[in-house]
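S.K.: below is the structure, and that's it, no one-letter string:
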């Protein structure tokens, strides 16, 4: 599915394109400037390219990986014109992005396995986790899937309230308990309810805390144990939600969460209106985890399935 394909023919298309223009401008205006007037890729161009990528929040490690590969290509081919640099950059960036293991999710489908598909969602408070869950529920339902939500972030009353509002908005059932309840008990109830309702997918919200990594690991491990009693191969996916507009802070969160639990996929939110789109490359490259979804707006349909080919091509399509 193309990066914008689900937007064609909608009013959102224009506003989302405008939002992504900021990412494009911030990401590549500096790169364009770095090679302006150059006929060959020399040391000065590479130095300018390195600086431009770092400033675009691609990060030092990922920037060095890209620049080193381009250096090797230039050395091997002896002569590579600056006009070819964009093509080389696109190739190297696409190579850094990890492919998701399943193609079925491309249209918000689900892998062919015993139902329900159990999706745990993790991420710190404020990154758009609850909103992402609501948008996922909307998209899965739009594809004819029966969805159940589980409000296992029981440490914040606001988290349960927000998810309840989303369940009403999307018109899908929610399983919840009072604030302070055992998160694993809520997760168990949610999966049990999904089985009883013959749901296709159950999406479970979990607590967004990182101040005590050991406690987070213990809590998520307990959730895993109890849901396995009902669905032995669950959870089928652990989705980490990150706020793309926070740049390198999002990368640090990714490192901390992957150290605390097994994360299998990423959703990067708030890419509209930010010039820090390069962080998508940094996170995917350093964590070796596929990006599955990107949030590019506040509307319910503004969660897009990530396609690395279309994403990189879009970034280079700045007019």
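M.R.: Okay, I see it. No experiment lies behind these values; they were computed from the predicted model shown.

S.K.: any stretches of the chain with poor pLDDT?
M.R.: Along the chain, the parts satisfying pLDDT under 70 run over 1-20, 23, 26-28, 78-79, 82, 100-106, 210-213, 273, 317-319.

S.K.: cutoff 50 now
M.R.: For the chain, the stretches with pLDDT under 50 are 1-16.

S.K.: can you give me the strands in it?
M.R.: Secondary structure of the chain (DSSP state E): strands located at 117-122, 147-151, 174-175, 201-205, 237-243, 265-269, 291-295, 303-305.

S.K.: list the contacts of residue 206.
M.R.: Going by CB atoms under 8 Å, 6 or more residues apart in numbering, residue 206 touches 120, 121, 122, 152, 153, 183, 187, 219, 220, 223. C-beta here means a position set from N, CA and C on the backbone, and glycine is covered the same way.

S.K.: swap the cut-off to 10 Å and go again
M.R.: By CB atoms under 10 Å, 6 or more residues apart in numbering, the contact list for residue 206 reads 120-123, 129, 150-155, 159, 183-184, 186-187, 216, 219-220, 223, 238, 261.

S.K.: quick revisit: quick one: which of the strands of the chain is nearest residue 92?
M.R.: strand 291-295 (16.6 Å; CB to CB).

S.K.: packing partners for the closest one?
M.R.: Other helices and strands packing on strand 291-295, by 3 or more CB pairs under 10 Å, 6 or more residues apart in numbering; DSSP states H and E, are helix 129-142, strand 237-243, strand 265-269, helix 279-287, strand 303-305, helix 308-315.

S.K.: list the buried residues of the first one.
M.R.: For helix 129-142, the buried set under the neighbour-count rule, 16 or more other CB atoms under 10 Å, comprises 129-141.

S.K.: what comes into contact with stretch 31-39?
M.R.: Stretch 31-39 is contacted from outside by 25, 28, 41, 44-53, 55-56, 79, 81-83, 85-86, 89, 316, 318, using CB under 10 Å, 6+ apart.

S.K.: buried ones in that stretch?
M.R.: For stretch 31-39, by 16+ other CB under 10 Å, it's 31, 34, 35.

S.K.: with respect to residue 145, which of those is nearest?
M.R.: residue 31 (40.5 Å).

S.K.: where's that closest one relative to residue 245, distance?
M.R.: Distance of residue 31 to residue 245, computed by CB to CB, to the nearest Å: 20 Å.

S.K.: surely residue 124 and residue 156 touch.
M.R.: No. Using CB atoms under 10 Å, residue 124 and residue 156 do not qualify as a contacting pair, with a distance of 11.7 Å.

S.K.: so which residues of this structure form helices?
M.R.: Along the chain, counting by DSSP state H, helices occupy 12-35, 43-55, 60-77, 85-96, 129-142, 157-170, 183-196, 213-228, 248-260, 279-287, 308-315.

S.K.: what's the closest of the ones you listed to residue 116?
M.R.: For residue 116, the closest of these is helix 183-196, at 4.1 Å, according to CB to CB.

S.K.: now do the buried residues in the closest one.
M.R.: 183, 184, 186, 187, 188, 189, 190, 191, 192, 193, 194.

S.K.: what's the burial count for residue 149?
M.R.: Counted with other CB atoms under 10 Å, the neighbours of residue 149 add up to 29.

S.K.: so who does it touch?
M.R.: For residue 149, the contacting residues are 121, 130, 133-134, 136-137, 163-164, 166-167, 170, 172-176, 190, 193-194, 201-205, by CB under 10 Å, 6+ apart.

S.K.: how about the residue nearest in space to the middle of the chain, nearest residue that isn't a chain neighbour?
M.R.: Central residue of the chain (CA atoms, centre = their mean): residue 267, 1.9 Å from the mean position. Closest residue to residue 267 in three dimensions, ignoring its sequence neighbours and counting by CB to CB, 6 or more residues apart in numbering: residue 293, at 4.1 Å.
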